[in-house]
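A.B. asks: this is the structure alone, sequence omitted:
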C-alpha cells in the first residue's frame, strides 16, 4: 500500500501526472469503437425482450398432489433445455398444491407443440386433460415504458439544469450527458451481444448505472471546478488544471470503483459459477460493465469533452496563450546565479553596452592572476523606444480603484465652484 | 463554534439513539424478516374473469388500472397480466391476500350527484302529494300504504304516466320552504325500522313487475333527456322531471344490500339506494371520478373514524364550489355515488372552494385506504364476475438463488471491508463501521417499509441494495481522500479533518443531490418497477447522507482527538509514510 499511497501523493502534487486530457484522441477512439460495437449489436442482433414486455404463452400443468418447488425447478431446467428459442428462460412456479405454471416467450405453433411435448414427457401428465395452454399479455405495457421514458426525459432535463446551476457551467452538463450516453449505450450493447433477456430488472440495472455515472461525473467535475476556479492567476491552462484535477481524484476513482465493483463482481462470480445461467448473473454483468464504464467515462470521456468544449472560450484561450508565451521564454531567472560569497560587485565590462572592449594586452603581464569574476551578460535593454513594460505575469485585471470616484486635484481658484 | 469541541460525541449519541428508535419501531411492527417478492417467495394469484366479451383495449386498460391499484407505490412488485381474451391475473407477493379482492375488483365509478329527493327528507313526497287525486301513493311514508301504493302504481302506470307527464309543471315544483318543512317532518320518520318488512313486500311486488318498472325508469331517462332543466342539475333538483319522481316513488330498496334499478348513466337522473336501504332520486352527475386529482385515507383532526379525502382538479374544483355555494345553508343534499350506490349523502356545512372533500362513513382503515386506492387510479372500463379464483403460487426462482445472492453480496462486502482496512488502516475502521451502520439502517427501513408500505424485496432488489451500499462507501472515500490531501498540504490531522470535511461535504451533497433528483422525478413520473427502483434509490441515498453527516464525520472528528491518529501512528492510516509524503506534516507531532 505504501507505493500506492506514494503514487497518490505524487499524483496530488502533480509530480507524476497521467495525461488524460492531452491523449484524448486515444480515449475517444477506444470509446468510439466500443460504442460502434454496441450500436451494431443493438441494430444487428437486437435485444431479447422478456415475457414481461412481449407477453407469451402459459402452460398450466395439473400434476396431481405433488406440485413442489423441486418439481418446478426440474421442469424449469427441462423446458429451458428444450432448444426452443422463446422458451430458453421460462418462468416456472407452483400453483396451488396440484399444478405447475410454465410461462415462456411468444412461440410459434410448432414451438409450442414442442414445449408441450417436453412438459408432458417430463411430468408424465395426460396431454389432453391436464395441460392447458393460454396466451398471456405483457405486464410491462407500452404505457409503463412511455411513462418511464417521460420520467427519464424530465430527469435529464433537471439534471442539466442542476449541474448548470451548481457548477455555473452548462458545458459541464453537456459533458456529463455525453458520458452518460456512452455508459448506457455500452451497457445496452452488452445485452445485445450476450443475448441476455431484457427484463424489468434490467431496466432497474440500467437506471442504477445512469445514476452512478452521473454521480461519479459530478464528483470528478467538482474537483475540476475547484482547480480551475483561479484560472489565470496560477499561470496554468484550463486543460492542465483539469488534468491535475483528474489525477488528484484518480485514487478516489480507483477506490470507489473497486468498492462498488467488488460486491457486483462477487455476485457475478457466484451467479456464473454456482448457479449457471441465472437472472442474477445477467443483472450483475450489466451492473459490472455499466459501473466500470461509468468510472471510466467520467475520467476519460467527460473531462476531455469538457476541456474541448471550453477550449473556445476567451478566458481559456488567453490563459493558453500566456502559458505558451511563458514556455517560449523559458525561465526568466534561469541565468541568475545563486548568491556566493565572492559574487562580483561590478558587471563584466564587456556586458555593459557602450563600454570598450577589454584590452587583452594589459592582462598578459600577469598571467597567474585569475580573470576577474564578472556577472553574466545582461539582456539587451531596448534603447530609444520609450518605456519598457514589464512582462505580464497573469491576466490583466481591472484595478481595485476602477469604477470608483478618484480624487482630483484642482487649482485653488477652481475649487468649490461648478 | 464553541459547540465543535463537544460536537462529535453528542452527534454520535443522538445518531445511535435514533437508530435504536428505528429498530424499536421495527420491533413494534413485529417482523424481523422482510417481505420477499414473487420471485423468491411466491404469493397469491387472483384470476378475474371479465363479464361479457370485452375488447382487447378495454381489457388492457383494466389491466393497467388494476396494476396501478395493487402497485400504486411501485414497491409491492405485484404482477398483473391479461390472459386469454377474458382474464386478468393479478399476482401479489404474500400468501392469503384475499383482502386485496375488493381493491382489485371494484369498478370504482365515482360520481357526485345532487339529491332531488330521498325517502329520508321526503321532499318528493310533498310534490307528488300535491295532485292527490291522481297519484295515490302520496302518503307512501306511512308504511303499508306506501307499498300498496307502489304496486298500484305499477299496475296503472301506463295511463298514470301519461297524466303525470301532462301535469302542469307547477304541481311538481314545490317551493323550497315547503320541501324543507316536510323534510323536517320526515326527519323523525326516517328511522322506521318497522317499515323495513313492508318495504320488502313492496320490493317483492316490484320484482314481479320488473319489466314494467324498467319501463318507468326508461321513461324517466327519456323524459329527462327532453327536460331542458336536466342540463342544470342545480335547478333540476328543485323541479325534478315528474317521470323520474314517479319512478323514484315506486322504487323500494331490496333488503339484501343496495341495488339500483337503473344503469349508472352520468347524463341521466338516477334512482338508487344507500347501504341502509334508503332510496334516492339523484340528478345527472355533476362531477365525475375522472375529475379527482387525488384520494387518500386519513383520520381528520379531532375525529376518530377514517374518511376518504378527495381533491378535485381544476374543473372539478369549480363545479364543486358552485354546488357548495348553491347548497350551503339549505337542507339540500348532494350524494357521492360509487358504482351506482350512494356512499353518503351529506349536506353542505360550508362553501368549499379549495376543491377538497371527504367521504365519511363507517370505514375502518383498510376499507378507507382500499376505496381511496380504487378512486385514485380511476374506474375500470369493465366489470368482473363475482368470486374470482384465488390460488397460491410458488416462487419463480429456484430456491438456491436467494442464498447464493446473499452469499455473494456478503463476500463482496467482506472484500470491500478488507480493502478499506488495508488501504486506510486505522481510518478503515470508520469505513467499516459506516458501512455496517448504513447496512443496518437500510435493513431496518426495509423491514419497516415492508410492514407499512408493502415494500417487497425481489432478487434484483437485493442486488440493487448491495450495490447501493457499495456506492454509499464513496462518500467516505471522498472524505478520506480530502483529509489526506489536506494533510499533504501540511495541515495537522485535526485541522485537515475540518477543512477536508468542508470540501468533501459539498462534493457529496452535490453528487447525492443528482441521485435524489433522479429518485424523486422517476418516482413521480414512472410506474411499476421503475417507481420501485426510484424508491429504493432515494432511500439508500438519503441513508447515505444521514450516515455521512451524522456518523462518519463525527466519528472521524472524535477519532482525531486520540493521539493514535493525530500523532501519526503507523497504523492510523495518516502517518507520513501512508500519505506518501517524505516530511512529517507540519505540526503533526506538535
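C.D. replies: Yep, that arrived. Not measured: the values here are computed from a predicted model.

A.B. asks: and residue 280, which helix or strand is it part of?
C.D. replies: Defaulting to chain A. Here residue A:280, judged by DSSP states H and E, is contained in helix A:279-297.

A.B. asks: wrong one, chain B
C.D. replies: Per DSSP H and E: strand B:279-282 holds residue B:280.

A.B. asks: now swap in residue B:390 and tell me
C.D. replies: Applying DSSP H and E, one finds residue B:390 within strand B:389-393.

A.B. asks: return the set of buried residues in the helix or strand following that strand.
C.D. replies: Sequence-wise, the next helix or strand downstream of strand B:389-393 (DSSP H and E) is helix B:400-424. Neighbour-count burial for helix B:400-424, counted by 16 or more other CB atoms under 10 Å in any protein chain shown, picks out B:401-402, B:404-405, B:408-409, B:411-413, B:415-417, B:419-421, B:423-424. No exception for glycine: its C-beta is placed from N, CA and C like everyone else's.

A.B. asks: mean confidence score for helix B:400-424?
C.D. replies: Averaging pLDDT along helix B:400-424 yields 80.

A.B. asks: ditto for stretch A:101-111
C.D. replies: 79.

A.B. asks: show me what counts as buried in it.
C.D. replies: A:101, A:102, A:103, A:104, A:105, A:107, A:111.

A.B. asks: in the stretch 301-418 of chain A, which residue sits nearest chain B?
C.D. replies: residue A:302 (13.3 Å; CB to the nearest CB).

A.B. asks: tell me, how many residues neighbour residue 291?
C.D. replies: No chain specified, so I'll use chain A. Residues contacting residue A:291 under the criterion other CB atoms under 10 Å in any protein chain shown number 26.

A.B. asks: actually, chain B is the one I wanted.
C.D. replies: By other CB under 10 Å, the burial measure for residue B:291, its neighbour count, is 21.

A.B. asks: likewise residue B:440?
C.D. replies: 15.

A.B. asks: skipping its backbone neighbours, what lies nearest it in space?
C.D. replies: residue B:19 (7.1 Å; CB to CB, 6 or more residues apart in numbering or on different chains).

A.B. asks: hang on, the one you found is in a strand, isn't it?
C.D. replies: No: judged by DSSP: H, G, I helix; E, B strand; the rest coil, residue B:19 forms no part of a strand; its state is helix.

A.B. asks: residue B:437 is in contact with that one, correct?
C.D. replies: Yes: counting by CB atoms under 8 Å, residue B:19 does reach residue B:437; the two are 7.2 Å apart.

A.B. asks: is the longest helix along chain B positioned near chain A?
C.D. replies: Criterion DSSP state H: the longest helix present in chain B is helix B:493-525. Yes: judged by CB under 8 Å from any CB of the partner chain, helix B:493-525 and chain A are in contact via B:503, B:506-507, B:510-515, B:517-518, B:521-522, B:524-525.

A.B. asks: please, where are all the strands along chain B?
C.D. replies: B:43-49, B:79-83, B:87-93, B:110-118, B:270-273, B:279-282, B:287-288, B:292-298, B:306-312, B:334-338, B:341-344, B:356-363, B:389-393 (DSSP state E).

A.B. asks: I appreciate the help and will end here.
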